[in-house]
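In: Kindly return the folded structure for what I paste below:
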Amino acid sequence: MDSSGKIIWAKHNEIQTVNIRSVGADFEAIDGERLPLDVKELGSCDLYPQSLRHNPNGRFVVVCGDDEYIIYTALAWRNRSFGSALEFVWSSDGEYVVRESTSRIKLFSKSFQEKKSIRPTFSVERIFGGTVFAMCSNDFICFYDWAECRLIRRIVVNVKHLYWADSGDLVAITSDTSFCILKYNRDIVSSFLDSGIPTDEQGVEDAFGLLHETNERVRTGLWVGDCFIYNNSS
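Out: Take a look at the predicted model:
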């Protein structure tokens, strides 16, 4: 679902859509009951979709499957860009990164142009988008800025998932046994990167501040404002 209430899903290769806003504000919704929504056929997909994700402004949708991605326009369902990717993540304002392999990462602009090809010095097992983008090995996570892929911070933690708050100032990092909430100090990072001083292999020391650490396993989670809501294993 995008921020305006539009939902898309894949039914085999066919893409369908509904809009929750079409129900109307005066509709008396009963908790747990199905909403009366008109399902529309949006189009078909050239690959078998394994995941679908709106970009932050809702104008584009990326479909991933079979180690490939295709970016479509969300309204007319027109193909805008495509390529190979094991993983695909959006930035908070429409740029994106793809992981082609454990040793090749590519960064693209909002206009679908390749900006940078990166060959990291470690095996990249996962990537995450958001305020800044992140590459993970099995033992640590490295955060980078979207503009020039400069290292912001390296944190030794086994990462299962990453959740950014909409404000871009808070991030939850989950592992198999616990999770922590960090505050992202963007002003400190901006000042350091603007200074031109090269970062060492640990990055900017005060880029993140630890706010909370909880010994619970997060199965799924999301931010609502500055509240992190999750369900645990029980």
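In: use CA for all of it now, contacts and neighbours both
Out: Will do.
In: Let's verify L193: helix, strand, or coil?
Out: Secondary structure for L193, judged by DSSP: H, G, I helix; E, B strand; the rest coil, is helix.
In: swap in S190?
Out: The three-state assignment at S190 reads helix, by three-state DSSP.
In: so S22 makes contact with V39?
Out: No - contact criterion CA atoms under 8 Å: S22 and V39 do not qualify, at 11.0 Å.
In: Relative to K40, how far out is the residue lying closest to Y96 once chain neighbours are set aside?
Out: In this structure, Y96 finds its nearest non-sequential neighbour in W90, 4.3 Å apart by CA to CA, 6 or more residues apart in numbering. According to CA to CA, to the nearest Å, W90 and K40 sit 26 Å apart.
In: quick one, which of these two is more surrounded?
Out: With neighbours defined as other CA atoms under 10 Å, W90 and K40 compare such that W90 has more, 23 against 12.
In: how much space is there between that one and F60?
Out: According to CA to CA, W90 stands 11 Å off from F60.
In: Tell me the strands beside the host helix or strand of Y72, with direction?
Out: According to DSSP states H and E, Y72 maps onto strand 68-73. Applying DSSP bridges to the sheet, strand 68-73 is found paired with strand 60-65 (antiparallel), strand 79-84 (antiparallel).
In: Would you mind finding the most buried of these?
Out: Most buried of these, by mean neighbour count (mean count of other CA atoms under 10 Å): strand 60-65, with a mean of 22.
In: So for that strand, mean pLDDT?
Out: Mean pLDDT, strand 60-65: 95.
In: still on that earlier bit, does the residue nearest to Y96 sit in a helix, a strand or a coil?
Out: strand.
In: you'd agree it is up against G130?
Out: Yes - counting by CA under 8 Å, G130 is a contact partner of W90 at 6.6 Å.
In: Grab the most central residue of this protein for me.
Out: The structure's the chain has its C-alpha centroid closest to G129; by CA atoms, centre = their mean the separation is 3.9 Å.
In: Can you give me the distance of that one to E68?
Out: 18 Å.
In: quick one, helices of the chain?
Out: Taking DSSP state H as the test, the helices found in the chain are 186-195.
In: For it, which residues score under the pLDDT cut-off?
Out: In the predicted model, the chain carries no residue with pLDDT under 70.
In: Please report how far R104 lies from D38.
Out: On the measure of CA to CA, R104 and D38 end up 42 Å apart.
In: So for the two, which sits in the more crowded spot?
Out: Using other CA under 10 Å as the criterion, R104 and D38 rank with R104 on top: 15 against 11.
In: OK, contacts around that one?
Out: Neighbour list for R104: 117-120 [criterion: CA atoms under 8 Å, 6 or more residues apart in numbering].
In: ok, 6 Å please
Out: 118-119 (CA atoms under 6 Å, 6 or more residues apart in numbering).
In: Pairing partners for it in the sheet, please.
Out: S101.
In: State the distance from E148 to G209.
Out: Separation of E148 from G209 (CA to CA): 23 Å.
In: what about those two, which has more around it?
Out: Each of E148 and G209 has its neighbours counted (other CA under 10 Å); G209 has more, 13 against 10.
In: what separates S3 from G130, distance-wise?
Out: Separation of S3 from G130 (CA to CA) stands at 15 Å.
In: So those two - more neighbours on which side?
Out: Legend: neighbour count by other CA under 10 Å for S3 and G130, higher for G130 (23 against 10).
In: List the residues that contact that one.
Out: Here G130 is in contact with 91-92 (CA under 6 Å, 6+ apart).
In: switch to 7 Å and redo it
Out: Contact analysis of G130 by CA atoms under 7 Å, 6 or more residues apart in numbering lists 90-92, 164.
In: in the sheet, who's paired with it?
Out: Counting by DSSP bridges, G130 is bridged to S91.
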